[in-house]
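In: Just to be clear, the model below is a prediction. Sequence and coordinates:
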Amino acid sequence: MMEVGLNHFLVVSTLLFSMGIYAIVTRKNAIMVLMGVELILNSANINFIAFSQFGNRGIDGNLFGLHGHLIALFVIVLAAAEAAIALAIVLNIYKTLSTVNIDEIDNLKD
Amino acid sequence: MNVYDIVFYLFAALTVISAFFVVTNRNIVYSAFFLLFTFFGVAGIYVLLGADFVAIVQLIVYVGGILILLLFGVMLTNKITNVEIKTGTINIYPAVIGVGLLTGSLLAALINTSWRSVPASAPQATTAALGTILLQEYALVFELLGIILLIALIGAASIARREA
């Protein structure tokens, strides 16, 4: 088997991304859709940190260094904010319509 | 095949298999718990990539925060006494075909690309360097993230408490 390198990490993140898309497309429950979004954000983070670790020298010959780590941290912060807002919206939808199945929510006003 | 490779394959298998169960399990509470293992696996992959601080933040924020939030959401939007906690699926066959095509093309693209990568350097502690960059080059982004978190907090509270 090959030495574990950049491609291995990229394959893992691709698989995570695909399963996140699958969850978003197929699940009815709005919270499952949110879980799919979290999977996709995690796969993006793996990519950022993998490229940060395995270099790819820019035009000035410097490694990307820790900048990928910082972008991953920013993504985590935004994911936390997104989860809080989205769950508040889902709770409000449940209070109003008594369901969180997104295929049944098809009216803009009652 | 050295220890690093074995540990990588363990964490990769943990991540991918539990993510598969997340998206296929019909019980949404089980899905949330499998998501826990996915986040742990991703944190292990961060450690293997030499990102110790990001791995710890992943554990604290994702496992300790977002996952708990999602579980609260599950519990608050389902009647526990009913069997309503199971969740339906739609569009299975088109989704499998489409996602399969997407995955195949992405994998083909990334394997056939010759990335200009350098061998991985020995992992070092990143926390101090991250703090330095965060408060120098990224100071504006840091402040903006603080404001975004404050707005998200206020917004979530006001949306969730609004009377109908």
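Out: That came in fine, so what should we check first? This structure is a prediction, so every number in the text was calculated from the model and none was measured.
In: Report the separation between the residue nearest the centre of chain B and chain A.
Out: The centre of chain B sits closest to B:Phe39, judged by C-alpha atoms, centre = their mean, with a distance of 5.5 Å. Separation of B:Phe39 from chain A (C-beta to the nearest C-beta, to the nearest Å): 7 Å. Quick note: C-beta positions are derived from backbone N, CA and C, even for glycine.
In: Give the buried residues for whichever strand or helix holds that residue.
Out: Using DSSP states H and E, B:Phe39 falls within helix B:28-48. By neighbour count on 16 or more other C-beta atoms under 10 Å in any protein chain shown, the buried set for helix B:28-48 is B:28-29, B:31-32, B:34-35, B:37-48.
In: who's in contact with the residue nearest to the residue nearest to the centre of chain B when sequence neighbours are not counted?
Out: Nearest residue to B:Phe39 in three dimensions, chain neighbours excluded: B:Tyr62, at 4.6 Å (C-beta to C-beta, 6 or more residues apart in numbering or on different chains). With contact taken as C-beta atoms under 8 Å, 6 or more residues apart in numbering or on different chains, B:Tyr62 is in contact with A:38, A:42, A:76, A:79, B:39, B:43.
In: any chance of those in TSV, plus distance to A:Thr14 and pLDDT?
Out: Listed next are those as TSV, based on distance: C-beta to C-beta, whole Å; pLDDT from 0 to 100:
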residue	distance to A:Thr14	pLDDT
A:Glu38	16	94
A:Asn42	12	95
A:Ile76	20	94
A:Ala79	19	94
B:Phe39	18	95
B:Ala43	19	95
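In: Name the SS class of B:Gly50, please.
Out: Of the three states, B:Gly50 takes coil under DSSP: H, G, I helix; E, B strand; the rest coil.
In: Can you tell me how far it is from chain A?
Out: 5 Å.
In: what do you get for B:Leu48?
Out: 8 Å.
In: nearest residue to that residue other than its sequence neighbours?
Out: That would be B:Phe8: by C-beta to C-beta, 6+ apart, it lies 5.5 Å from B:Leu48.
In: So what's the residue count around the one you found?
Out: 18 (other C-beta atoms under 10 Å in any protein chain shown).
In: residue ranges for the helices of chain A, please.
Out: Secondary structure of chain A (DSSP state H): helices located at A:6-26, A:30-53, A:67-97.
In: Select, out of the ones you listed, the one closest to A:Glu104.
Out: helix A:67-97 (7.7 Å; C-beta to C-beta).
In: Many thanks, we can stop here.
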